[in-house]
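> give me coordinates for this.
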Amino acid sequence: MKISTIVSCLLAAPVAYGAVIKRGPCHENNLFRALKRVQRDSDPAFCSNFLFDDNTPYPPNERNVPVTTPKADVTNACRCLLGDSLGFEVAIYENPYEGQGSGAEYLEFEHWYVATKEPWGTSVAKFLGSGQANEPGEDEPWRYGLPTLDGLYYTLNLRGYFLCPADGTFTITFHQADDVAYVWVGEEAKCGWTNPVLTPGTTMRSYWTLFENTLDFTCTKGAFTPLRIIWADIAGPRSLFMDIKDASGNLYVQNTVDSPFLFRHSATNSVGPFPGTFGNEPTVCA
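As a prediction, this is how the structure comes out:
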């Protein structure tokens, strides 16, 4: 029986993403295996989409799923399948580069210092980007729950994977980065990002007087593409407006909106976490 014909039977009691759900043991039953096939063969983001929005329709042509499957079982199977893999790792650091003698470009900032700098705190980000903050404390929602010493001078280091929803070209856009922000795509995001010289085509640097700064990358459906973002502030207004979209303009990472396409590692750990811990990241590629 096609799963698409039994949506009304399965979607009975909404379960909000992030809600506390009594999680049963993880068993590779028929439902687990069916969802695993969906993730592998047709929709690599099905389970993460379902956990964000439990009205996500089922893909067709799946089998061995009883019509009476409770929605909570689907939620539990998806949580078992994904494990603790959703969201980017985030760390916050003191920003020692207070000068801006070079003007808006903020050339004094040396991004690589965070590789061996002990962070103030760490967290997990299910969204990227920020709103606008003009006063100390206004940026708290965009710091992912992490503290600052004075609310003004700090650096955020975000690392993880973008789960590619389809074959094609995707565009990362920094609409505004105040004071400065960087992004690395591909293996350089894991190893090589500490190089003071940025690689054209796989890295981008932006600052507060640049608008609509873009970086294109290609990936294949189901691939986990490494990304790293470093964003630093030195007082005054601060923001990082950004998104990731495909060539048709469809948004997969929307500014400040939780995204089902952001991961710390793959669900099966076939793609593992980034190397090293914050404050002890490798500066030389093995």
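
> now do the buried residues in the helix or strand harbouring residue 123.
Secondary structure assignment for residue 123, by DSSP states H and E: strand 121-125. Residues 123, 124, 125 are the ones in strand 121-125 that count as buried (16 or more other Cβ atoms under 10 Å). All C-beta atoms are positioned from the backbone trio N, CA, C, and that covers glycine.

> what helices or strands is that strand leaning on?
Where contact means 3 or more Cβ pairs under 8 Å, 6 or more residues apart in numbering; DSSP states H and E, strand 121-125 is packed against strand 88-94.

> how far away is residue 97 from residue 109?
5 Å (Cβ to Cβ, to the nearest Å).

> joint contacts of these two?
Residues touching both residue 97 and residue 109 (Cβ atoms under 8 Å, 6 or more residues apart in numbering) are residue 232.

> partner strands of the strand holding residue 123, parallel or antiparallel?
strand 88-94 (antiparallel) (DSSP bridges).

> what does the partner strand contact?
By Cβ under 8 Å, 6+ apart, strand 88-94 touches 114, 117-126, 128, 143-144, 146-149, 153-160, 227, 262-264, 273-274, 278-279.

> give me the mean pLDDT for stretch 219-239.
What stretch 219-239 shows for mean pLDDT is 89.

> now for the closest residue to residue 29 other than its chain neighbours, how many residues are close by?
Nearest residue to residue 29, sequence neighbours excluded (Cβ to Cβ, 6 or more residues apart in numbering): residue 77, at 7.7 Å. Other residues near residue 77 number 26, with proximity taken as other Cβ atoms under 10 Å.

> ok, residue 77 - contacts?
Per Cβ under 8 Å, 6+ apart, neighbours of residue 77: 29, 31, 32, 35.

> touching, the last one and residue 47? I think so.
Yes: Residue 35 is within contact range of residue 47, at 6.0 Å (criterion: Cβ atoms under 8 Å).

> what's the per-residue pLDDT of the closest residue to residue 208 other than its chain neighbours here?
Leaving aside its sequence neighbours, residue 208 sits nearest to residue 178 (Cβ to Cβ, 6+ apart; 3.8 Å). In this model, residue 178 is scored at 84, pLDDT.

> before we move on, what about residue 16?
Residue 16 carries a pLDDT score of 27 in this model.

> what does residue 248 give?
pLDDT for residue 248: 96.

> that one: how many residues sit nearby?
Neighbour tally, residue 248, other Cβ under 10 Å: 7.

> quick one: it from residue 166, how far?
10 Å.

> what are the ranges of the helices in the stretch 1-150 of the chain?
For the stretch 1-150 of the chain, applying DSSP state H, counting those that start in this stretch gives helices covering 7-10, 30-41, 46-52, 71-82.

> what's the neighbour count on residue 229?
There are 25 residues near residue 229, going by other Cβ under 10 Å.

> so it touches residue 155, yeah?
No: counting by Cβ under 8 Å, residue 229 sits too far from residue 155 to count as a contact (10.9 Å).

> count of residues packed around residue 120?
By other Cβ under 10 Å, 15 other residues sit near residue 120.

> give the burial count for the residue nearest to it when sequence neighbours are not counted, as a bare number.
In space, and not counting its chain neighbours, residue 120 is closest to residue 92: 5.1 Å by Cβ to Cβ, 6+ apart. Counted with other Cβ under 10 Å, the neighbours of residue 92 add up to 22.
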